[in-house]
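*Asks:* Structure of the sequence below:
(2 chains)
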Amino acid sequence: EPEVTQTPSHQVTQMGQEVILRCVPISNHLYFYWYRQILGQKVEFLVSFYNNEISEKSEIFDDQFSVERPDGSNFTLKIRSTKLEDSAMYFCASMSGNLDTQYFGPGTRLTVL
Amino acid sequence: QKEVEQNSGPLSVPEGAIASLNCTYSDRGSQSFFWYRQYSGKSPELIMSIYSNGDKEDGRFTAQLNKASQYVSLLIRDSQPSDSATYLCAVGPMNTGFQKLVFGTGTRLLVSP
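*Replies:* Numbers count the residues shown, from 1 in each chain, chains lettered A, B, ... in the order given. Predicted coordinates for the structure are as follows:
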């Protein structure tokens, strides 16, 4: 069964460093998302991406964040200068069509020291 | 601020019993509703989706939606210890393809053998 994959599973970085989290969505899906979940808190929407552009972003998704789909398969989230409060699980999700179901990847645990 | 509310629990039920999980949402324009299961440290896994008022059954799971009351529930029949997890209610607030999900904090379910 097709699934969303994410790498790395765990990333440890120093505050102020740049990180890139990678996702490979399900191959025929058209809508891509990043969510994050701080330990013990709810899953929060960060950004949605469709037709090679951001369709919506939350207030969390400030200038330090960017997304890219550099080729036909990868979808990346970049955090330019990490802060302690960026420590969280980051989930990529993809969806095939309008009002369909979003399927989540296994997540990347980001730890900022 | 669009909100999704869930009782955080834990909800404790004995094996074989029915577990009833509830969720309310604030945005009357919401069009799609999802229940995800999340094991500790793992990503959300889709259990059920529901779009219309009424009941939808899938195996041991039944989702119920009442848009007038802005209420969605999940019943788990014949609960098993493996059902012990956090159940996340997620709502799609707009009838668009971008479909960002708003999550509740989740209800922790404990099924005792």
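*Asks:* all strands for chain B, in order.
*Replies:* Using DSSP state E, the strands of chain B run over B:4-5, B:11-14, B:19-25, B:32-38, B:45-50, B:54-58, B:61-66, B:71-76, B:85-92, B:102-103, B:107-112.
*Asks:* tell me the most buried of these?
*Replies:* strand B:85-92 (a mean of 24; mean count of other C-beta atoms under 10 Å in any protein chain shown). Any C-beta I mention is one placed from the backbone N, CA and C, and that applies to glycine too.
*Asks:* That strand pairs with which strands?
*Replies:* If you go by DSSP bridges, strand B:85-92 pairs up with strand B:32-38 (antiparallel), strand B:102-103 (antiparallel), strand B:107-112 (antiparallel).
*Asks:* want to throw those strands into JSON lines with mean pLDDT?
*Replies:* JSON lines is the format used below for the strands paired with strand B:85-92 (pLDDT from 0 to 100):
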{"stretch": "strand B:32-38", "mean pLDDT": "95"}
{"stretch": "strand B:102-103", "mean pLDDT": "94"}
{"stretch": "strand B:107-112", "mean pLDDT": "97"}
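*Asks:* These: which one's closest to A:K42?
*Replies:* Each of the strands paired with strand B:85-92 has some distance to A:K42 by C-beta to C-beta; the shortest is strand B:102-103, at 5.0 Å.
*Asks:* so how far is that closest one off the chain centroid?
*Replies:* 11 Å (C-alpha atoms, centre = their mean, to the nearest Å).
*Asks:* Between the two ends of stretch B:81-89, how far is it?
*Replies:* Stretch B:81-89 has an end-to-end distance of 20 Å (C-alpha to C-alpha, to the nearest Å).
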